[in-house]
Every structure is written in structure tokens, then in C-alpha cells.
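Asker: here are the coordinates; sequence isn't available:
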């Protein structure tokens, strides 16, 4: 069982107030938004160590996005594997990518569908302060940059 993934997912639980700043390089537009989400570590969907099959984890962000995490490699410094993101507002747009979870509980994700590449890094500065950077590229050129600071409303 991958304790780093479980700890990372548990750190994400709670009610978060999110301040998001985005810049659309293509349209030269910036946008600030503030919203709340409730992140839930749903469950371990599949755990079969005896059959040497990887564990699949699930996490939801307030009924907007489901993430499925499938670890493939783990050592003391990091864990890596496959991540699947399902946007519930666009059910036909499911993204599959890779992730790298470091021992300091920062995670880097990468999605590539040929046209768009999405890089995202999420890390904790404090148990109640989560930071996120996202860069979206189209055919290798940056078109969208986002920075979010998330504050947990109630301590876990």
C-alpha cells in the first residue's frame, strides 16, 4: 500500500477557499476568481497485493472533477504512475496522464493529448495552505497560466 499517496489525498480533504489567478496568453486576458470546494478522499477502489495488481485511488473535488490515481513505481523519494482526470461538466473529455508524487507531498501531473499539454504542480506550504500552478500549452506554446492559493476553512 502506498502510504505517501494516501497521506497526500488525506491532506487534500476539507473545505477549501480558493483564490485563482489565470492569464490567457492567447487572448491577453486575465481573470481572478474566488470559490469554495469540498475535497473528498473517496476510497481505495481496488487493492489486490496478492495478485500483484496496483492500487487505484479516487478523489473528488465537490462533484466537479474525479481523479483516479494508479501508482506504478515507488521508492523512498517519490512515487509515479498514471492519473486520470474526469471533468463531470464535460463527460466526454477524460484525460489520462502521468504523475510524480515527491516525499514532501508535492505532486506534478502531466497530460498530453497531442494538441494540448497540461502541466500542474500542487504542494503544501502548510497543512492548511495549498498552492497550485498550471500551464497549458497548445502544440508546445504556452497559451494559459494559472496560479491558485487554497486555504482550508477548518483544520483537519
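Answerer: Great, that's in hand. The model shown is predicted, which means the values in this text are computed figures rather than measured ones.

Asker: and what about the nearest residue to residue 140 once chain neighbours are set aside, helix, strand or coil?
Answerer: Spatial nearest neighbour of residue 140, excluding adjacent residues (CB to CB, 6 or more residues apart in numbering): residue 117 at 7.3 Å. The C-beta positions use only the backbone N, C-alpha and C, and glycine is treated the same way. The local conformation at residue 117, judged by DSSP: H, G, I helix; E, B strand; the rest coil, is strand.

Asker: what's around residue 117, how many residues?
Answerer: Neighbour count for residue 117, taken as other CB atoms under 10 Å: 18.

Asker: per-residue pLDDT, it?
Answerer: With respect to pLDDT, residue 117 scores 92.

Asker: hang on, isn't it packed against residue 109?
Answerer: No. Counting by CB atoms under 8 Å, residue 109 is not a contact partner of residue 117; they are 11.1 Å apart.

Asker: could you name every residue contacting both of those two?
Answerer: The overlap between the contact sets of residue 117 and residue 109 (CB atoms under 8 Å, 6 or more residues apart in numbering) is empty.

Asker: correct me, but residue 68 touches residue 83?
Answerer: Yes. Look at residue 68 against residue 83 with CB under 8 Å: they come within range, at 7.2 Å.

Asker: what is the least confident helix or strand in the protein?
Answerer: strand 53-61 (a mean of 58; mean pLDDT, DSSP states H and E).

Asker: next structured bit after that strand?
Answerer: strand 65-74 (DSSP states H and E).

Asker: run through the neighbouring helices and strands of that following strand.
Answerer: Taking 3 or more CB pairs under 8 Å, 6 or more residues apart in numbering; DSSP states H and E as contact, the helices and strands that strand 65-74 lies on are helix 3-11, strand 53-61, strand 78-87.
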